[in-house]
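K.L.:
Fold the following.
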Amino acid sequence: MVCSELLKKKIDDSVTVKFCHIDWRGERIHTMQRAKLATHSGAVRDLFHPFHVDISASTDEEITEHLIMKKIMSAAGTAVHVLN
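P.N.:
Reported below is the predicted structural model:
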């Protein structure tokens with residue numbers, strides 16, 4: 001299953017929209033089904049283009065709201081990166 005998340009961020013009084021493409025393939029699907037999905041994923045990815053972040057996931061832990069926001073903020077340059 002593939003879905004697209006719509007995220008909005010307000011920067012300097014203007015709202016920017018960021019899209020996250022999630023390519024979901026569950027852990028328990030059979031190898032042949034996984035291979036069939038892999039052959040179609042490029043075409044599906046093109047349908048959702050443009051997007052800011054592309055995530056491939058097979059467990060719920062890989063697509064938490066926190067992780068998605070962290071990846072989008074990092075890709076958009078709005079994350080604060082501090083080295084200690």
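
K.L.:
Could I get the full set of strands for the protein?
P.N.:
Along the chain, counting by DSSP state E, strands occupy 2-11, 14-24, 53-57.

K.L.:
From residue 15, how far off is residue 57?
P.N.:
Per Cβ to Cβ, to the nearest Å, residue 57 is found 27 Å from residue 15. (C-beta placed from N, C-alpha, C; glycine too.)

K.L.:
and those two? which has more neighbours close in?
P.N.:
Using other Cβ atoms under 10 Å as the criterion, residue 57 and residue 15 rank with residue 57 on top: 17 against 8.

K.L.:
May I have the beta-bridge partners of the more buried one?
P.N.:
With DSSP bridges as the criterion, residue 57 is bridged to residue 24.

K.L.:
wait, isn't it in contact with residue 24?
P.N.:
Yes: at 5.5 Å, residue 57 counts as touching residue 24 under the criterion of Cβ atoms under 8 Å.
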